[in-house]
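K.L.:
Please find the sequence and the predicted model below.
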Amino acid sequence: MPTEAQSPPPFRDTSALDEALMVRFASAGFTRLDPPILQPADAFLDLSGESIRRRMFLTTDESGQELCLRPDLTIPVAREVGRLRLPMPAAVSYLGPVFRFRGVGSGEFRQAGVESFGRADREAADADILALGLETCAIYGVPDPEILLGDVGLFAAVLEALPLAPVWRRRLMKDFGQGRLDEDLMRLSQAPVGGSTTHAGVLSAMAGSDPVAARALITDLLSIAGITTVGGRTVSEIAARFLEQSALEGNGLSSETAAILSRYLSIAGEPDEAAQQMRDLAREAQMDIGAAVTAFEARAGFLSAHGVNLPDVQFSAAFGRPLDYYSGMVFELGDPQGRIEGPLVAGGRYDRLLSRLGAPGVVPAVGFAAWVERLALLEGQS
């Protein structure tokens, strides 16, 4: 999902550039798809979080199902790949309008992009996609964009290697890329390690009970109290939130674990230097993240093979993108001169997406979206 600019760019005819871009995507083996503009809203709310609701254009059909104008194209394209039952690996592209309230100007703008499904050589596929993103910028006259790189998979490996309560692992993964990690770490450090919570009486009464039964009990209590919805959440969602928050309050972490996590999140720089910092931290903290670091280094090698100058790549361990389904590399390509706010091209790996949309198993997937109007504003200015 894009990072919004404060004001949308003015209209400009980009048809010639757009055509050149789609020709390049086709030559790279990507088949164009054009999914429906009207989409079921639940997939976006489930996968992007309820916070996107206020930026979506919503309606309902005659049966009461909530629908929306597509706010991005990754999820609609993934749904279309599943509907068409495309053989794997599948490489698809798109170019078309998306609709999202941006505060000023039109809520309609266009995105182009590619999505690669089913490739088992994940690190090579990552590098291919990022390299194609760089080519996309070059087509619009931005040959040397800023490259910001992150890795959700590395962060997940660090969390698995640390003595964290499962509820906190889930919370930290959910908040990665949302700008809330500092708040989470502060709360973790202040919470008692294995201590009681402000709702200890309720939780003690339910200790050892089935999680589904506990959620049903809280839902019933809220219903008895006459609570139906709060802020758009159903009583079932409120109950789940209560149980999660209560569990978070009673599971802090030691100062040593907090220091390790903070040190990891501070790692930044070009990929080779960052990898060495990660290996140093893993050795000193006795964390088993070797496989994730090796994959990170392999991806850097493939990027070099594409001619990417690694010192031009800025990795940040704390960098993520605000979508729950990302699972590995994430990246943004930006205007090096700061003339355009927000990314020009952005994307990453999302191996969990197709399974969360109903696929029977995990399908490796990686892709990016390009903001063609932003790119067109820079064409000829470099």
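P.N.:
Structure's in. What do you need?
K.L.:
so what's the spatially closest residue to residue 76 that is not a sequence neighbour up against?
P.N.:
Among residues not flanking residue 76 along the chain, residue 35 sits closest, at 3.7 Å (Cβ to Cβ, 6 or more residues apart in numbering). For every residue, glycine as well, the C-beta is placed using N, CA and C. Residue 35 makes contact with 70, 73, 76, 77, 79, 80, 94, according to Cβ atoms under 8 Å, 6 or more residues apart in numbering.
K.L.:
Same list, those, but as a markdown table with secondary structure and neighbour count please.
P.N.:
Converted to a markdown table, the contacts of residue 35 look like this (DSSP: H, G, I helix; E, B strand; the rest coil; neighbours: other Cβ atoms under 10 Å):
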| residue | secondary structure | neighbour count |
| --- | --- | --- |
| 70 | coil | 25 |
| 73 | coil | 26 |
| 76 | helix | 24 |
| 77 | helix | 23 |
| 79 | helix | 20 |
| 80 | helix | 18 |
| 94 | strand | 25 |
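K.L.:
Any idea how far stretch 276-286 is from the middle of the chain?
P.N.:
Relative to its chain's centre, stretch 276-286 lies at 26 Å (Cα atoms, centre = their mean, to the nearest Å).
K.L.:
Also stretch 320-335?
P.N.:
5 Å.
K.L.:
what does stretch 154-161 give?
P.N.:
The mean C-alpha position of stretch 154-161 is separated from the chain mean by 16 Å, Cα atoms, centre = their mean.
K.L.:
ditto for stretch 71-81
P.N.:
With Cα atoms, centre = their mean, you get 14 Å for stretch 71-81.
K.L.:
tell me the mean pLDDT over that stretch?
P.N.:
For stretch 71-81, mean pLDDT is 95.
K.L.:
just stretch 38-49 next, same as before
P.N.:
Rounded mean pLDDT across stretch 38-49 is 86.
K.L.:
still on that earlier bit, among the contacts of residue 35, which pair sits farthest apart?
P.N.:
Checked with Cβ to Cβ, the contacts of residue 35 reach their widest spread between 79 and 94, with 12.2 Å between them.
K.L.:
Grab the most central residue of this structure for me.
P.N.:
Centroid-nearest residue in the chain: residue 323, 3.1 Å away (criterion: Cα atoms, centre = their mean).
K.L.:
Does that one touch residue 44 like I think?
P.N.:
No - in this structure residue 323 lies outside contact range of residue 44 using Cβ atoms under 8 Å: 10.0 Å.
K.L.:
about what we covered before: quick one: the residue nearest to the centre of the chain is in a strand?
P.N.:
No - using DSSP: H, G, I helix; E, B strand; the rest coil, the assignment for residue 323 is coil, not a strand.
K.L.:
dump the residue contacts of it.
P.N.:
1, 47, 48, 177, 350.
K.L.:
In contact with the second one: list those residues for me.
P.N.:
Residues counted as contacts of residue 47 (Cβ under 8 Å, 6+ apart) are 75, 323, 324, 325, 353, 356.
K.L.:
Run a quick neighbour tally on the closest residue to residue 376 other than its chain neighbours.
P.N.:
Of all residues not flanking residue 376 in the chain, residue 14 sits nearest, at 4.2 Å (Cβ to Cβ, 6+ apart). Neighbour count of residue 14, defined by other Cβ atoms under 10 Å: 19.
K.L.:
Dump the contacts of residue 47 to CSV, plus distance to residue 158.
P.N.:
Shown next, in CSV, are the contacts of residue 47 (distance: Cβ to Cβ, whole Å):
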residue, distance to residue 158
75, 28
323, 20
324, 18
325, 19
353, 22
356, 23
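K.L.:
Which one (most neighbours) among the residues you listed?
P.N.:
That'd be residue 353 among the contacts of residue 47, by other Cβ under 10 Å, with 27 neighbours.
K.L.:
from memory that residue sits against residue 75, does it?
P.N.:
Yes - Residue 353 lies in contact with residue 75 (Cβ under 8 Å); the separation is 7.5 Å.
K.L.:
thinking again about what came up before, and the residue nearest to residue 76, how far from residue 97?
P.N.:
Separation of residue 35 from residue 97 (Cβ to Cβ, to the nearest Å): 12 Å.
K.L.:
per-domain residue ranges of the protein.
P.N.:
15-158+263-378, 200-249 (automatic domain parsing).
K.L.:
Out of those, flag the one nearest residue 170.
P.N.:
Nearest to residue 170, of all the domains of the chain, is domain 200-249, at 8.2 Å by Cβ to Cβ.
K.L.:
and the closest one, average pLDDT?
P.N.:
According to the model, domain 200-249 has a mean pLDDT of 55.
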